[in-house]
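> with the input below, show me the fold.
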Amino acid sequence: MIVIANCGGFWGDDPTAARRQVEGGPIDYLVMDYLAEVTMAILQKQKQKDPAAGYARDFLVQLRDVLPQCVERGITIISNAGGVNPLACRAAVEKLAMELGVREKVKVGVVLGDDIFGDLDTLLGKGEPLAHMETGAPLSTVRKDVLSANVYLGAAPVAKALEMGANVVIAGRVTDTSVTLAPMIHEFGWKLDDWDKLAAGVVAGHIIECGTQCTGGNFTDWKLVPTFKDIGYPMVEASPDGSFTVTKHKGTGGLVSLHTISEQLVYEMGSPSYISPDCVARFDSIQLAPDGENRVRVSGIRGEPLPEKLKVSISYAQGYRAFGRLMVSGPDALAKARAVASAFWGSVGGPSAYDDAITQIVGWDSCHPPLTAAEPSEVLLQVAVRDRDERKIADRFAPQLVPKVLSTVPGITYLSDQGRPRASDVVGYWPALISRERVPVRVEVSGKIAEVAAPPRGKGVKVSLPPKPPPTLVLTQRRQRVPLSRICLARSGDKGDTANIGVIGRSRAIYAWMLNKLTSEFVKIRFEEICKGEVERFEVPNLLALNFLLHESLGGGGTLSLLLDAQGKTYAQYLLAAEVEVDEALL
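Predicted structure coming up:
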């Protein structure tokens, strides 16, 4: 058995997490994830200004706390902190190791090959259209505006670095799950076409990749969490057969339960056939069971052959956006906020004068329609625009906001830390596919270089899972109207302009009710003011879950969006607030 501890789910996570994981008890691997789609564009800009930049500098902050202890205790560190400049990150780590007096004991491995930004024209010339996965448009339509281009690599090169003796592995854009799967491949000798075991590693990585989201953070039943103070980061105790247990260090805050793990499993999920560069993991095969206090055992995972192509994350410049905010206090706060908004838009040419524009009243209807008729005593008025013309935003939109404090309603003020709105870059997201043979991958460890061949496609058949028998339920014929949260849990996330909401039944009988009543149409109506596209529904009976994909529901997604919630974080809670009629037997 090996213990893999996560200490970060995104760039900006708790900088003390690494130290707490290392000092909290025995672990074998310390893994962390820093990269998101927009992060790559930011790092590429940094590298263009400074050839020694382009990686996640927070990585060094965490290493300073733990590197000597990890070396002494034999703990291996794996991260995608390399961003778009893994070699510069390696140089910085080696310099830090020298300062800490452990340089001779630190062997840094670097994974290279994911960054294809400099090869785009060559690839296009060789017949790789890098077409947008959703619209089908060729990359040539935005080629001049591209800021970064990175291929999602799998776990194989990370495992190769471990095989070559590295005790610190730095990668660029490997998938979030790869840093967890790679140690299992290395320690257990798994073959790269053993789909079931690889799928188990992918599932383990998916559970812990977002840090404390599986240990009580962002949890529907948050009142059951004993304390959020010193919340424990997750650990996986992995076995050679592919089964594993998710837990956290004893004495830490948070909670690990069937429901905290189930919620994280449906987070940012699409189809239950979860595609990774290493395999297709069947999320509808996962079996969860309690394994003691703050321990959940995961087993039974099935996998299918890896996809033919690799996914590419491409970012490109798509204009500018700006946000302006004014505080409006009661009485009649809503009426006054609307009057201010009307006056403001009248002075800047109206919303139609910009590529996109929006008005939101924070504290009333900023994320979703109000859940109550009671008017708030104060609200935050937010106005936002997006346009390709930066001067239009700077010269027309921005100067007209603060003057409304003196020229409109009483009980209004501007925010002391904001003042006049400022235009900022908008980064568009372009997902594409590329042939594996076009992506040469290599690993460097202590001056030695190894080419990493594409994993074998192998043989495999689509996994066929037996249907679950429907539960029997004696109905009372007495009905009650209750919020959906009374019978379900849920978590939501984002992929581009698509939001996902995974809904979990609190019993098998409730899941049977969900299959009949919780339809795509129900969700579409609930989000009719937000969701402009179709709503897809996927069944995940082993988790008693339904996963909904709300297409065109995030205002373009990422930094393109003007919505207050551009990542769909609040969508699950709004769905759970919907009132439904159920038989009392379900309660």
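> chain neighbours aside, what residue packs nearest to Arg321?
Arg386 (4.2 Å; Cβ to Cβ, 6 or more residues apart in numbering). (Glycine included, C-beta is placed from N, CA and C.)
> pLDDT-wise, which helix or strand of the protein ranks last?
Lowest mean confidence among the helices and strands of the chain (mean pLDDT, DSSP states H and E): helix 37-49, at a mean of 83.
> domain ranges for this structure?
As given by automatic domain parsing, the domain ranges for the chain are 2-114+152-304, 322-427, 479-586.
> which of these sits most buried?
Using mean count of other Cβ atoms under 10 Å, the stretch among those with the largest mean neighbour count is domain 2-114+152-304, at a mean of 21.
> how far out from the middle of the chain is it?
Taking the mean of its C-alpha atoms, domain 2-114+152-304 sits 13 Å from the chain's own mean (Cα atoms, centre = their mean, to the nearest Å).
> ok now do the residue lying closest to Leu576 once chain neighbours are set aside, which residues does it touch?
The shortest distance from Leu576 to any residue other than its chain neighbours is 3.9 Å, reached at Ser485 (Cβ to Cβ, 6+ apart). Taking Cβ atoms under 8 Å, 6 or more residues apart in numbering as the contact definition, Ser485 lies against Thr220, Leu576, Ala577.
> between the residues you listed, which is closest to Ile261?
Thr220 (12.8 Å; Cβ to Cβ).
> what residues are up against the closest one?
Counting by Cβ under 8 Å, 6+ apart, Thr220 makes contact with His259, Glu263, Ser485, Leu489, Ala490, Arg491, Ala572, Gln573, Leu576.
> cool, and Gly411?
Neighbours of Gly411 in contact, by Cβ under 8 Å, 6+ apart: Val328, Ser329, Gly330, Ala333, Lys336.
> do that again at 10 Å, thanks
Gly411 makes contacts with Met327, Val328, Ser329, Gly330, Pro331, Asp332, Ala333, Lys336, Ser377, Glu378, as judged by Cβ atoms under 10 Å, 6 or more residues apart in numbering.
> what pLDDT is listed against the second one?
What it means is Val328. The pLDDT attached to Val328 in the predicted structure is 97.
> quick check: it touching Ala337?
Yes: at 4.5 Å, Val328 and Ala337 qualify as touching, with contact defined as Cβ atoms under 10 Å.
> so what sits against both of these two?
Ile361, Gly363, Pro376, Glu378, Val379, Leu380, Leu381, Thr408, Val409, Ile412.
> now, which of these sits nearest Ala88?
Proximity of these to Ala88 (Cβ to Cβ) peaks at Leu380, which lies at 40.7 Å.
> now that closest one: how far from Gln360?
Leu380 sits 9 Å away from Gln360 when distances are taken as Cβ to Cβ, to the nearest Å.
> Leu310 now?
In terms of Cβ to Cβ, Leu310 sits 38 Å off from Gln360.
> go on, Leu562?
Using Cβ to Cβ, which is the criterion applied here, Leu562 is 8 Å from Gln360.
> so what sits against both of these two?
When contacts are counted by Cβ under 10 Å, 6+ apart, Leu562 and Gln360 have Phe323, Gln382, Val383, Ala384 as shared neighbours.
> list the ones among the shared contacts of Val328 and Ala337 that fall in strands.
Counting by DSSP state E, the members of those that fall within strands are Ile361, Glu378, Val379, Leu380, Leu381, Ile412.
> residues in contact with the last one?
It stands for Ile412. 326-329, 333, 336-337, 339-340, 381, 404-406.
> going by distance to Arg457, which of those wins?
Distance to Arg457, by Cβ to Cβ, is smallest for Leu381 among those, at 55.4 Å.
> re the thing from before, just flag the most distant two among the contacts of Ile412.
With distance counted by Cβ to Cβ, no two of the contacts of Ile412 lie farther apart than Ala333 and Leu406, which are 18.4 Å apart.
> let's have the shared contacts of Leu562 and Gln360 in TSV, adding distance to Glu584, secondary structure and pLDDT.
Putting the shared contacts of Leu562 and Gln360 into TSV (distance: Cβ to Cβ, whole Å; DSSP: H, G, I helix; E, B strand; the rest coil; pLDDT from 0 to 100) gives the following:
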residue	distance to Glu584	secondary structure	pLDDT
Phe323	47	strand	96
Gln382	43	strand	97
Val383	47	strand	97
Ala384	46	strand	97
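> follow-up on the earlier one: looking at the contacts of Gly411, which one is closest to Gln477?
Nearest to Gln477 among the contacts of Gly411, counting by Cβ to Cβ, is Ser377 at 44.2 Å.
> now the closest one. Its backbone dihedrals?
Dihedral angles of Ser377 (phi, psi; degrees, to the nearest 10) stand at phi -90, psi -20.
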